[in-house]
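*Asks:* quick one, what's the 3D model for this:
(chains A and B)
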Amino acid sequence: MIDLSPEWITILMFTAILVGILLGYPLAIVLAGVATITGILIEGPQVFSMFRLRMHGIMSNYIFLAVPLFIFMGNMVERTGAAEKMFNALHLWLGGIRGGLAIATIIIGTILAACVGVIAASVVMLALIAIPSMLKRGYSKSLTCGAVCAGGSLGILIPPSIMLVIYGPTASLSVGKLFMAAFMPGFLLSALYIAYIVLRCKFNPELAPPLSKEERAVPLRKKLNMLFTSLLPPMFLILAVLGSIFFGIAAPTEAAALGALASVLLALAFR
Amino acid sequence: MKTMQAIIDRVGFVSDWSGRLVSWINIVLIITITYDVIMRYVFNAPTDWSYTLSYMLGATMFCIGQAYVQKINGHVRVDLLYVKFSPKTKLIIDTIFTILFFLPTFFMVSRNLWINFFYAFHVNEKAIHSTWYPLTWPYKLLIAIGISLFFIQGLVMLIEHFRNLAKGGASS
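*Replies:* Coordinates of the predicted model:
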């Protein structure tokens, strides 16, 4: 077939992939197509057998099964309305502080991130609940959206994260270990977001006015009750998933299945 | 033209319907995997079929789901520039890349998968990932069907692209 040096093949393939992806054709098909054309030109038609073998290899990879299961879990949590309950509770507790609702958004984002593996679910939940509430109380638009985007996208880093489930087998790393390693950076980021909001609101108080006294006048007993009933179910879910991975009870795929089951039970309980 | 439209609708219906059907595999997966975990820890009797069955079900879901994703145009795109293009430019890009990348790749891959299925069927190939040793041909048949459906759905959409281009490029 065509005789090209590996350097030229790499450059040509890379250029073709860049062009295809930037023009907006679906990523997966661009990758497959470029690989196929290069393969036919350089190796000949036997590349299709290799393609099929690789496909079987990836599909029989048990750990990738965690991806649909974690997505299922995320969507289930989205439907339970857990985020709304948490927001209602936290906005009473933190509403008095300047920027308190933004901080509540980040905290809920962190908790949701530990429940779901995809950011779509958590960003949607936060956007639906937190943005109207914050705008109504005169928070600045940029702070509101920033808090939702930042808090919502923590899901890709804090385990269980789909990104790590895909990265692990590809790079021959243990997904469980990656999950453990991603914990600290995730919480560090979340803490930094909160610190940033607190400082911004300190220097620029009109960004985020605190809630009025009447709005926060709820008896302590009720406030405590709301906090526990809203936080306990997600904690149960987090424990079911991350606990079973970290204590070595289940592999990530099995933990994802257990978590999915737990999320169905949660949805039933919240109905 | 009328038969063409009927075929396009029929293919779209099959993709749609099969995609919705395989999404229920998620529930089956949750049940089989949880069952295995419970059997292992509570009854100390792990199943030999859970592992193999799970990956086969998962692969079936991925493969057959692809046609559905293609139909709803849900494959991940980097739409940095794509969103700014006019409908006609989008159509031209999709048409060119479908002919260049999609058609040859997935035609040959599905052909190869069918060959592999007939081989597995012929020699009664068995999966060796666990001591369960199930026959592999039902699984290979499902994968071949899935990728072929994906190919057919893409082909049908290419025909639609051509028709829209002939009509002047407005997106359908």
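
*Asks:* wait, residue B:102 touches residue A:30, no?
*Replies:* No: the criterion here is C-beta atoms under 8 Å, and residue B:102 misses it with residue A:30 at 9.4 Å. In short, each C-beta sits where N, CA and C put it, glycine included.

*Asks:* contacting residues for the residue of the stretch 151-271 of chain A found nearest chain B?
*Replies:* Chain B sits closest to residue A:257 of the stretch 151-271 of chain A, with a gap of 3.6 Å, by C-beta to the nearest C-beta. The contact partners of residue A:257, by C-beta atoms under 8 Å, 6 or more residues apart in numbering or on different chains, come to A:69, B:29-30, B:33-34, B:37.

*Asks:* change it to 10 Å
*Replies:* Neighbour list for residue A:257: A:65-66, A:69-70, A:72-73, A:241, A:244, A:250-251, B:26, B:29-37, B:54 [criterion: C-beta atoms under 10 Å, 6 or more residues apart in numbering or on different chains].

*Asks:* next step: those restricted to helices.
*Replies:* Among the contacts of residue A:257, the ones falling in helices (DSSP state H) are A:66, A:69-70, A:72-73, A:244, B:26, B:29-37, B:54.

*Asks:* just the buried residues of those residues.
*Replies:* For the ones in helices among the contacts of residue A:257, a burial check counting by 16 or more other C-beta atoms under 10 Å in any protein chain shown picks out A:66, A:69-70, A:72-73, A:244, B:26, B:29-30, B:32-34, B:36-37, B:54.

*Asks:* out of these, the closest to residue B:162 would be?
*Replies:* Ranked by distance to residue B:162 (C-beta to C-beta), these are led by residue B:26 at 36.0 Å.

*Asks:* distance check, the residue nearest to that closest one when sequence neighbours are not counted against residue B:106.
*Replies:* Nearest residue to residue B:26 in three dimensions, chain neighbours excluded: residue A:72, at 5.0 Å (C-beta to C-beta, 6 or more residues apart in numbering or on different chains). Residue A:72 is 27 Å from residue B:106, where distance means C-beta to C-beta, to the nearest Å.

*Asks:* how about residue A:154?
*Replies:* 37 Å.

*Asks:* in the helix or strand hosting residue A:19, which residues are buried?
*Replies:* Assigning secondary structure by DSSP states H and E places residue A:19 in helix A:6-22. Within helix A:6-22, the residues that qualify as buried are A:16-17, A:20-21, counting by 16+ other C-beta under 10 Å.

*Asks:* so which of those is the closest to residue A:142?
*Replies:* Of all the buried residues of helix A:6-22, residue A:142 sits closest to residue A:21, with 30.2 Å by C-beta to C-beta.

*Asks:* so for stretch A:147-163, mean pLDDT?
*Replies:* Average pLDDT, stretch A:147-163: 85.

*Asks:* again with stretch B:48-66
*Replies:* The pLDDT scores in stretch B:48-66 average 88.

*Asks:* which residues of the stretch 151-271 of chain A lie near chain B?
*Replies:* Counting by C-beta under 10 Å from any C-beta of the partner chain, the residues of the stretch 151-271 of chain A close to chain B are A:244, A:249-251, A:253-264.

*Asks:* how about a cut-off of 8 Å?
*Replies:* A:249-250, A:253-254, A:257-258, A:260-261, A:264 (C-beta under 8 Å from any C-beta of the partner chain).

*Asks:* of those - the most surrounded one?
*Replies:* Using other C-beta atoms under 10 Å in any protein chain shown as the neighbour criterion, residue A:257 leads these with 31 neighbours.

*Asks:* any idea how far that residue is from residue A:73?
*Replies:* Where residue A:73 is concerned, residue A:257 sits at a distance of 9 Å (C-beta to C-beta).

*Asks:* please name the nearest non-neighbouring residue to residue A:151.
*Replies:* In space, and not counting its chain neighbours, residue A:151 is closest to residue A:109: 2.6 Å by C-beta to C-beta, 6+ apart.

*Asks:* confidence-wise, which of the buried ones among the ones in helices among the contacts of residue A:257 comes last?
*Replies:* residue A:244 (83).

*Asks:* residues contacting it?
*Replies:* With the criterion set at C-beta under 8 Å, 6+ apart, residue A:244 makes contact with A:250, A:254-255, A:258.

*Asks:* cool, residue A:205 as well?
*Replies:* Neighbouring residues of residue A:205 by C-beta under 8 Å, 6+ apart: residue A:98.

*Asks:* all helices for the chain, in order.
*Replies:* This is for chain A. A:6-22, A:27-42, A:47-59, A:66-80, A:82-94, A:100-115, A:119-136, A:141-152, A:162-170, A:175-203, A:213-216, A:220-238, A:244-246, A:252-270.

*Asks:* actually chain B
*Replies:* Counting by DSSP H, chain B has helices at residues B:2-23, B:25-41, B:50-71, B:87-97, B:103-123, B:137-166.
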